[in-house]
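In: Sequence and predicted model, in that order:
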Amino acid sequence: QVQLVESGGGSVQAGGSLRLSCAATGYTNRYCMAWFRQAPGKEREDVAILDTDGTTLYRTSVQGRFTISKDNAKNTLYLQMNNLKAEDTAMYYCAAGGQGCHMDSDISFWGQGIQVTVSS
């Protein structure tokens, strides 16, 4: 069983930065891990994915601004978010899954979510 707890969210002005952390308990090395987000009135979408072979994938809208990484010694996933925009405002979720981590159906474990608000 894997448990995921996010931290590091908050409010920031456009152009600013935040780093989200996701502390995991349980063995996560066998899982792809990802950050998803859901804005009010919109469907949840994948933002950044870290596959088991170290491959990273990003949503086009965050490419070049967001970086996903993992510290295996701390069993913690990160999302560094730079040059934030108002449209990045959403609830962000840490996730772990068996394959792909592109869609909700790929995910086995979810964090509780953390709010990121970007004001313009």
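Out: That came in fine, so what should we check first?

In: surely residue 106 meets residue 49?
Out: No - in this structure residue 106 lies outside contact range of residue 49 using Cβ atoms under 8 Å: 9.4 Å. Bear in mind the C-beta positions are built from the backbone N, C-alpha and C, glycine included.

In: Which residues are in contact with each of these two?
Out: 32, 100 (Cβ atoms under 8 Å, 6 or more residues apart in numbering).

In: More neighbours: which of these two?
Out: Neighbour count, other Cβ atoms under 10 Å: between residue 106 and residue 49, residue 49 has more, with 22 against 17.

In: so that one makes contact with residue 56?
Out: Yes - under the criterion of Cβ under 8 Å, residue 49 makes contact with residue 56 at 6.7 Å.

In: quick one, helices of the chain?
Out: In the chain, no helices are found when defined by DSSP state H.

In: quick one, which residue of it lies the farthest from its center?
Out: residue 120 (22.0 Å; Cα atoms, centre = their mean).

In: In space, what's closest to it - neighbours in sequence excluded?
Out: Ranked by Cβ to Cβ, 6 or more residues apart in numbering and with sequence neighbours excluded, the top spatial neighbour of residue 120 is residue 86, at 4.3 Å.
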